[in-house]
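*Asks:* Build me a model from this:
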Amino acid sequence: MRLFTTLLLVCGFAAYAAGQHQVRVQNSFFLTGQPLFGVGYSYGEEDSRFTYGLHLEGGMYAHHDTDLINASWESYSISGFALLPEVRYYFSSQLSPQRGLFTSAFGHLRRMREYTMDGVPSAGHYRRGHSFGGGIAFGYTVGCGETPLMLEILAGYGAATDHWQQPARPSEARERAGTFDSASTLYRLELALSYRLK
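*Replies:* Purely as a prediction, here's the structure:
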């Protein structure tokens, strides 16, 4: 057991010393109006076109308000958090650090809570579930001069399989909410700011 732990620490330190590391904060709100925010970490070897990352995001994936004369109420929402492993390939020859146009493949593991209320006098209905899926994305990364900061825009699409603890109830609110991002369709439209650690 000690030998295994020692080897794991040596490999981890060697990977840290040899590669480039970045932390990032991302949001979808400025581009889509959906309150989704996240943090992440990515790693890439020196002079490699590939990077590997892991991101955690949370917020509201779908949302719909019903308007009254002088007010509105939330009639439908899907909220939760997700873990996104990601592999990127950069097309640019600028590899230290990786910049320019890239494509990525990502996974999407999500815990969700759905809320539905069809009318003012009715009580809201909650159900919990999770989804598993993935997709592809394209983006562009640009550096901020000589600073370790990087700006990024990303757009992606994917599909997921959703599993709920309770069956769905018939609901007009769910139909009116549209399909921007649902339990089984994944859209990514993000702005991100990254900080290069090494």
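*Asks:* tell me what whichever strand or helix holds Gln26 is packed against?
*Replies:* Using DSSP states H and E, Gln26 sits in strand 19-27. Secondary-structure packing of strand 19-27 (3 or more C-beta pairs under 8 Å, 6 or more residues apart in numbering; DSSP states H and E): strand 36-45, strand 50-67, strand 149-164, strand 185-196. Placement of C-beta: from N, CA and C, glycine included.
*Asks:* Quickly, which of those bottoms out on average pLDDT?
*Replies:* Among these, strand 50-67 carries the lowest mean pLDDT, a mean of 86.
*Asks:* who does it pair up with?
*Replies:* strand 36-45 (antiparallel), strand 72-90 (antiparallel) (DSSP bridges).
*Asks:* now that strand against strand 185-196, angle please.
*Replies:* With axes from the mean of the first three to the mean of the last three C-alpha atoms, to 10 degrees defining the directions, strand 50-67 sits at 130 degrees from strand 185-196.
*Asks:* Spatially nearest residue to the residue nearest in space to the middle of the chain, not counting backbone neighbours?
*Replies:* With distances taken as C-alpha atoms, centre = their mean, Glu57 lies nearest the centre of the chain, 5.0 Å away. Nearest non-adjacent residue to Glu57, counting by C-beta to C-beta, 6 or more residues apart in numbering: Gly38, 3.2 Å away.
*Asks:* Report all helices and strands that the helix or strand hosting Ser104 contacts.
*Replies:* Here Ser104 is covered by strand 100-116, with elements defined by DSSP H and E. Contacts defined by 3+ C-beta pairs under 8 Å, 6+ apart place strand 100-116 against strand 72-90, strand 125-143, strand 149-164.
*Asks:* What are the buried residues along it?
*Replies:* Neighbour-count burial for strand 100-116 flags Phe102, Ser104, Phe106, Gly107, His108, Arg110, Met112, Glu114, Tyr115, Thr116 (criterion: 16 or more other C-beta atoms under 10 Å).
*Asks:* could you give the mean pLDDT of that strand?
*Replies:* In this model, strand 100-116 carries a mean pLDDT of 93.
*Asks:* Hey, what's the angle from it to strand 185-196? Just curious.
*Replies:* 130 degrees.
*Asks:* next one: strand 100-116 to chain centre, how far?
*Replies:* 4 Å (C-alpha atoms, centre = their mean, to the nearest Å).
*Asks:* What's the local residue count around the residue nearest to Glu57?
*Replies:* For Gly38, the neighbour count with other C-beta atoms under 10 Å is 20.
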